[in-house]
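Visitor: Only the shape, not the letters, is given here:
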Ligand SMILES: Nc1ncnc2c1ncn2[C@@H]1O[C@H](COP(=O)(O)OP(=O)(O)O)[C@@H](O)[C@H]1O
Ligand SMILES: N[C@@H](CCOP(=O)(O)O)C(=O)O
C-alpha cells in the first residue's frame, strides 16, 4: 500500500495568471492499493458529497498513470481531505498530483517525473497548481510545445499566507468562463511587469514593494462579479499592513501575504469584510510548503 501527502496551492499569485503558483502547508492524504474492485473512501472535506467510484478525480488521475504503464487493475483509494473543495486552493490539482504519484509508486515508478508533470497539467488544463502541488515551493511554469517547463524556489519560513475562505463553492471551470478572450495591451504589460518583479522578489527574498507586484488586471476584475466583497477585502488587507493580497486561484478564497505576528488580525478583518457583504467565511493561516507531494 502507498500513502502520499499532497499540499494545497495558490495559483496565479496575483499577476501570474496560469503560470505562477505556490504550495501551502495544508494537506490531503491519499492511501492507495490494488484491490479486486474499485473502492473509494472519503474522510473530511467532501465526505458524503464526492463521487466514490472510478469517476472520482483521484481515481481517474491514478488510472491515467496505470494506463500509461499499460496496467489495467482496480484500486482501493482512501482520501483524507483537508483542502476545501472549489475555493481556489487547488483541491483538484491535489487530487491529480497525489493520485498520479501514488499510482506510479504502486507500480514501482515506471513513469518518469517529468512525464507525470505533463500528464497532470493535461488533466488540470494549466500548470500553475499541479507544478507546486508536485514539487513544492514558489513555482513558475509554462506549457511549451506540449512540454511543461518549470522552475521552483524555496519561500521564506517566516512568510504566512492568510486565506479568507468563503463558504460557497466556485468551480474553476465557471470562473474561467467570465474571462475575456482578448485583453488590452496595457493590461498585458501591467501584469507581465508585475509578474517579473514578483519572481525577482522571491528570488532575492526581498519583499519591498510586493504589494504592487500582487496586483492583477487579467482575471480578478472579471471574477469580482462572482465573489462579493473580494475587491474590498483585497483593498482593506493591503491598508491594514498585509505585504500584499490577491484572489487565490480562481477564487473565491482571498489570500494575503503577511508575517506571523500580523496574520491573525488580518484574517479576522478579512472575514469581517466578507461578512459585511453577506458572505460567510473562515480564515486559515498557512505556512509555505517546500516539499510538494511526498510518500509517507
Ligand atoms: N478529494 C477529492 N476527490 C475527488 N474529487 C475532488 C476532490 N477534491 C476536489 N475534487 C474535484 O475538484 C473540483 C474542484 O476543483 P476546482 O473547481 O478546480 O477548484 P479548486 O481546485 O480550486 O478547489 C470538485 O468540485 C471535485 O469535482
Ligand atoms: N490559473 C487558474 C488557477 C485555478 O486555480 P484553482 O485553485 O482555483 O483551481 C485560473 O485562474 O483559472
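Guide: Good, I have the coordinates. Just so it is clear, the model here is predicted, and its values are computed rather than measured. Ligands and ions are numbered 1, 2, ... in the order given.

Visitor: quick one: buried residues of the biggest helix by length in the chain?
Guide: Criterion DSSP state H: the longest helix present in the chain is helix 185-204. By neighbour count on 16 or more other C-beta atoms under 10 Å, the buried set for helix 185-204 is 190, 191, 194, 195, 198, 199, 201, 202. (C-beta placed from N, C-alpha, C; glycine too.)

Visitor: Check stretch 130-149 too.
Guide: Buried-residue list, stretch 130-149, by 16+ other C-beta under 10 Å: 130-143, 148.

Visitor: Among those, which one sits closest to residue 265?
Guide: residue 138 (24.7 Å; C-beta to C-beta).

Visitor: Next one: that closest one from ligand 2, what distance?
Guide: 15 Å (C-beta to the nearest ligand atom, to the nearest Å).

Visitor: I'd assumed residue 150 was in contact with that residue.
Guide: No: under the criterion of C-beta atoms under 8 Å, residue 138 is not in contact with residue 150, lying 11.2 Å apart.

Visitor: how about residue 97, what does it touch?
Guide: 6, 61, 120, 130, 133, 134, 292, 293 (C-beta atoms under 8 Å, 6 or more residues apart in numbering).

Visitor: which SS state does it fall under?
Guide: Classification of residue 97 by DSSP: H, G, I helix; E, B strand; the rest coil places it in helix.

Visitor: ok, now residue 265?
Guide: helix.

Visitor: ok, residue 99 touching residue 57?
Guide: Yes: here residue 99 reaches residue 57: they are 7.2 Å apart, a contact under C-beta under 8 Å.

Visitor: who's more crowded, those two?
Guide: Neighbour count, other C-beta atoms under 10 Å: between residue 99 and residue 57, residue 99 has more, with 30 against 20.

Visitor: how many other residues sit next to the residue nearest to residue 168 when sequence neighbours are not counted?
Guide: Spatial nearest neighbour of residue 168, chain neighbours left out: residue 252 (6.4 Å); criterion: C-beta to C-beta, 6 or more residues apart in numbering. Applying other C-beta under 10 Å, we find 27 residues neighbouring residue 252.

Visitor: what mean pLDDT does the longest helix of the chain have?
Guide: Helix 185-204 carries an average pLDDT of 97.

Visitor: who touches it?
Guide: Residues contacting helix 185-204 (C-beta under 8 Å, 6+ apart): 13-17, 19-20, 138, 140, 153, 155, 206-210, 212-218.

Visitor: list the buried ones in the helix or strand that that helix is followed by?
Guide: Per DSSP states H and E, the first helix or strand lying C-terminal to helix 185-204 is helix 210-213. Within helix 210-213, the residues scored as buried using 16+ other C-beta under 10 Å are 210, 211, 213.

Visitor: for stretch 76-90, same thing?
Guide: In stretch 76-90, counting by 16+ other C-beta under 10 Å, buried: 76-84, 86-90.

Visitor: which bits of this structure sit near ligand 2?
Guide: 11-12, 17-18, 88-90, 92, 126, 128-129, 172, 176, 219, 249-250 (C-beta under 6 Å from any ligand atom).

Visitor: distance of the residue lying closest to residue 18 once chain neighbours are set aside from residue 146?
Guide: Distance criterion C-beta to C-beta, 6+ apart; nearest residue to residue 18, sequence neighbours excluded, is residue 126 at 4.6 Å. As judged by C-beta to C-beta, to the nearest Å, residue 126 and residue 146 stand 14 Å apart.
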